[in-house]
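*Asks:* Give me the fold of what follows.
(one chain, ligands or ions: 1)
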Amino acid sequence: MAPDRPAAGRSVPEPARPIVDVRHLTLTYQTADKPVYALSDVSLTIGKGDFISLIGPSGCGKTTLMRVVADLEQPTSGEVTVNGMTPEQARLKRAYGYVFQAPALYPWRTVERNVMLPLEIMGLPRAERKARAAEQLRNVGLAGFEKKFPWQLSGGMQQRVSIARALAFEPELLLMDEPFGALDEITRDHLNLQLTQLWRRTRKTCIFVTHSIAEAVFLSTRIVVMSPRPGRILDVIDCDLPAERTLDIRETPEFAALAHRVRDGLKEGHSYDD
Ligand SMILES: Nc1ncnc2c1ncn2[C@@H]1O[C@H](COP(=O)(O)OP(=O)(O)OP(=O)(O)O)[C@@H](O)[C@H]1O
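*Replies:* Coordinates of the predicted model:
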């Protein structure tokens, strides 16, 4: 059969510009007793505006993969580019914001001054720092909480402050490592809804680590299913649900089918004899 060709006169859609390109990435941690094989031959291209979830069993290298993108770990072999730069250049240019599992806010600084901290380090003038902090706090639904201290907020609100802080220097890429993992289910649902609305408004490229199949399907444009350690990519699933998502979407057959495929991928990669 002849290969598919575009019909005459029709243009082929441009693939989205890659923001993160990972090629044959392998990472082995050298420890005192024996090497730990964390990642094996991982290749992944993440386009501008993608929302990618990394899902896989505990210890399969999800955090390691994000840390390589963030230049916090060095690959043993393979190549990674972020916005066409090395991870180090991207870090120096503040191409990404990082949201950790725990909010990691300074208790002696107000919410506003926590969000302004990276902007202070960048040397932005005070008026601009204040304006950007106000904008990002509005973005995460925390307008009016500027003068509170972190300990006066709930865990979910603190995590929203840390998202606002990561967004404050307007990075192209947002790296989130299980940001809602420690929160109760109702708060988590609420934050998932807010995050998907934020993503729809800003179309930031996001990489999101999670253990929750429902969270991955709800938030993502693509889900990367990883094997147990050493982490390999088992499946990359396009989430073609409508961009505008409410929590009710979780009741639809389309959602259930995607969740099923993720679950199958995870099962396939897992040896229960381990
Ligand atoms: N600095 C390090 N030195 C040695 N081994 C490490 C180091 N960091 C991580 N590891 C090991 O590498 C493997 C991958 O760890 P990583 O934190 O990336 O997994 P993960 O998939 O994010 O796990 P989880 O879902 O439990 O957070 C694990 O076995 C972990 O113990």
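
*Asks:* The residue in the stretch 151-274 of the chain that the ligand sits nearest to: what secondary structure?
*Replies:* Across the stretch 151-274 of the chain, no residue is closer to the ligand than Arg229, which sits at 5.2 Å (C-beta to the nearest ligand atom). Bear in mind the C-beta positions are built from the backbone N, C-alpha and C, glycine included. The three-state assignment at Arg229 reads coil, by DSSP: H, G, I helix; E, B strand; the rest coil.

*Asks:* Settle this for me: it is touching Gly59, isn't it.
*Replies:* Yes: Arg229 lies in contact with Gly59 (C-beta atoms under 8 Å); the separation is 5.1 Å.

*Asks:* who's more crowded, these two?
*Replies:* The neighbour comparison of Arg229 against Gly59 (other C-beta atoms under 10 Å) goes to Arg229, with 19 against 14.

*Asks:* For that one, list the residues it contacts.
*Replies:* By C-beta atoms under 8 Å, 6 or more residues apart in numbering, Arg229 lies in contact with Val36, Tyr37, Ala38, Gly59, Cys60, Gly61.

*Asks:* Met176 should be in a helix, yeah?
*Replies:* No: Met176 sits outside any helix when classified using three-state DSSP, being strand.

*Asks:* Contact partners for it?
*Replies:* Tyr98, Val99, Ile163, Ala166, Cys206, Ile207, Phe208, Val209.

*Asks:* In helices, which of those residues appear?
*Replies:* Among the contacts of Met176, DSSP state H puts Ile163, Ala166 in helices.

*Asks:* Also near the ligand: which of the contacts of Met176, exactly?
*Replies:* Subset of the contacts of Met176 in contact with the ligand: empty, counting by C-beta under 6 Å from any ligand atom.

*Asks:* Out of the contacts of Met176, list just those in strands.
*Replies:* Tyr98, Val99, Cys206, Ile207, Phe208, Val209 (DSSP state E).
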